[in-house]
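K.L.:
Task: produce atomic coordinates for the following.
(one chain, ligands or ions: 2)
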Amino acid sequence: MHISLQVNGTPHRLEVRGAETLAEVLRDRLGLTGTKIGCNAGECGACTVVLDGRAVCACLVPTPRMDGAAVRTIEGVTPAEGLSPLQQALVEHGAFQCGFCTPGVVMSLTALFDRVRLPSEHEIRVALQGNVCRCSGYVRLIEAAKAAALRLAR
Ligand code: FES
Ligand code: FES
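P.N.:
Ligands and ions are numbered 1, 2, ... in the order given. Next up, the predicted model:
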């Protein structure tokens with residue numbers, strides 16, 4: 001089937017197989033490998049992207065749901081030069097180790113920051129509840145997210 005979708009502001013028309021997920025389309029057809037595939041079952045959050053304004057697991061988005069959608073990926077929130085304020089805060093707080101989960105974390109927080117000007121710690125925790133990080137823990141991550149939220153709200 002043919003689908004049309006926008007990814008990071010760029011329109012695409014693609015012929016896809018019925019069983020392809022958004023994560024596969026992004027990585028294999030569009031070369032946007034910043035979106036990671038971990039569990040491929042909606043459990044880890046590594047594949048999180050923003051779909052029509054909401055953070056979703058791209059490994060669970062079936063082909064028909066992509067048609068007409070607007071998608072933002074980690075490539076779309078990373079400036080050509082340097083890092084976004086959120087990414088900078090993650091680095092400054094040492095909020096990750098292997099980094100495999102980090103693109104998904106950034107996209108979950110991006111969706112939250114787009115929706116809520118200055119989210120509370122509770123809202124940050126809720127936004128990250130689907131993002132599993134097995135190596136760094138969440139203390140620094142939460143601190144980084146709070147620092148980024150403050151910077152973005154100024
Ligand atoms: S790869 Fe999609 S939730 Fe784990
Ligand atoms: S930094 Fe390794 S899984 Fe999160």
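K.L.:
contacting residues around the residue most central in space within the chain?
P.N.:
Nearest to the geometric centre of the chain sits Met107, at 2.6 Å (Cα atoms, centre = their mean). Neighbour list for Met107: Thr48, Val49, Val50, Ala55, Arg72, Thr73, Ile74, Val77 [criterion: Cβ atoms under 8 Å, 6 or more residues apart in numbering]. Where you see a C-beta, it was placed from the backbone N, CA and C, and this is true even at glycine.
K.L.:
Can you tell me which of the residues you listed is nearest ligand 1?
P.N.:
Thr48 (7.3 Å; Cβ to the nearest ligand atom).
K.L.:
Dig out what the closest one forms beta bridges with.
P.N.:
Thr48 has these beta-bridge partners by DSSP bridges: Cys57.
K.L.:
Against Arg151, how distant is it?
P.N.:
Distance of Thr48 to Arg151, computed by Cβ to Cβ, to the nearest Å: 22 Å.
K.L.:
if you count what's nearby, which of the two comes out ahead?
P.N.:
Higher neighbour count among Thr48 and Arg151: Thr48, with 30 against 12, using other Cβ atoms under 10 Å.
K.L.:
what residues are up against the more buried one?
P.N.:
So Thr48 contacts Thr35, Ala55, Val56, Cys57, Ala58, Pro103, Gly104, Val105, Met107, Ser108, Gly130, Asn131 (Cβ under 8 Å, 6+ apart).
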